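Enquirer: Show me how the following folds:
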Amino acid sequence: MTSYDAVILAGGVNSGELRKYAPYENEALIILGKYPMIHYVYQAVKNTPGLGNIIISGPCDSLRPIFSKDDNLMFTDSGEDAIESFANALGLANSERILIMPADIPFITPEAIEDFLHQCEKYDADVHYAIVSREVSEKRFPRVKRTYVRLKEGVFTGGNLFLIRTAVASQGIALGKKLVAHRKNPLAQARLFGMDLVLKYVTGRLSIREVEERFHEILNLTGKAIISNYAEVGVDVDKPSDLKLAEEILGKV
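Expert: Model (predicted):
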């Protein structure tokens, strides 16, 4: 498998209801079991074959002490949002493609990451994005509430793994900002791609292929949705109920 650098976005400010139960400034620092949440993500990345440098974008002074010395581990300050945080990390990457993920997916495993990367290698796209079916997600995590989108091929939730060609990364940053702002609103995301796609979405006729084709028309970048059979890819910790589940599962680790 090709070697990729990995970026872990760890700049998420802990706010809202979650902070009432876990009073940490940064989501990545929330303790689950014996370790901060980012520890589990880092360990999964570190133990995935084919990954090279690991770049963590977040509050460096708070994050550095968590980790033992690792020659392949680098840090950079986060930006105002996930896209700016990625832009800051981009200058440290030196692989042809970059794997990107947030720090709030503590259930992620090396197997899930490796499967995603192997699937990506089947398609010569500029951007690969993981999605998970409702069936897979609810079978593994029946108590987790997710935002789902009904497409022609089935009902899916967005994953938390991205693979992007380094040479074109800067081209997608503007659209990325809009998509992140509307990540919990499927219709708002669809409007970015045109009202004809909105109509197809609300009538259940929108296909993955049509979204990929419109992505290319708008950005002149090729995109490929990767259907993962690992529910861990699609579950993040951003609600008290998610935190409780993570504490139950990872508290035993």
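
Enquirer: Report the buried residues of stretch 211-229.
Expert: Neighbour counts using 16 or more other Cβ atoms under 10 Å place 211-212, 214-215, 219, 221-228 of stretch 211-229 among the buried residues. (Glycine included, C-beta is placed from N, CA and C.)

Enquirer: Between all of these, which two are separated the most?
Expert: L219 and S228 (22.9 Å; Cβ to Cβ).

Enquirer: confidence score at S241?
Expert: Listed pLDDT for S241 reads 87.

Enquirer: whoops, I mixed them up, A188
Expert: With respect to pLDDT, A188 scores 69.

Enquirer: Please apply the same query to V198.
Expert: Reported pLDDT for V198: 76.

Enquirer: Just give the nearest non-adjacent residue to the residue positioned nearest the centre of the chain, would you?
Expert: Nearest residue to the geometric centre of the chain (Cα atoms, centre = their mean): N160, 2.3 Å. When the adjacent residues along the chain are set aside, N160 lies closest to I105, with 4.8 Å between them (Cβ to Cβ, 6 or more residues apart in numbering).

Enquirer: Secondary structure element for that neighbour, which one?
Expert: Using DSSP states H and E, I105 sits in no helix or strand.

Enquirer: Equivalent analysis for D115, please.
Expert: If you go by DSSP H and E, D115 is part of helix 110-120.

Enquirer: Check which residues of that helix are buried.
Expert: Residues of helix 110-120 classed as buried: A112, I113, E114, D115, F116, L117, Q119, C120 (neighbour count, 16+ other Cβ under 10 Å).

Enquirer: What pLDDT is listed against the first one?
Expert: Spelled out, that is A112. Looking at A112, its pLDDT is 98.

Enquirer: what's the answer for the fourth one, then?
Expert: Among the per-residue scores, D115 shows a pLDDT of 98.

Enquirer: Kindly report the same for the one 5 residues further on.
Expert: C120 carries a pLDDT score of 97 in this model.

Enquirer: Contact partners for the residue nearest to it when sequence neighbours are not counted?
Expert: Nearest non-adjacent residue to C120, counting by Cβ to Cβ, 6+ apart: H128, 4.3 Å away. The neighbourhood of H128, defined by Cβ atoms under 8 Å, 6 or more residues apart in numbering, consists of F116, Q119, C120, F162, L163, I164, G223, K224, A225, I226.

Enquirer: just the buried residues of stretch 211-229 now: which is nearest A44?
Expert: Lowest distance from A44 to the buried residues of stretch 211-229 (Cβ to Cβ) belongs to S228, with 13.8 Å.

Enquirer: coming back round to it: doesn't the residue nearest to C120 lie inside a helix?
Expert: No. Read with DSSP: H, G, I helix; E, B strand; the rest coil, H128 is strand and lies in no helix.
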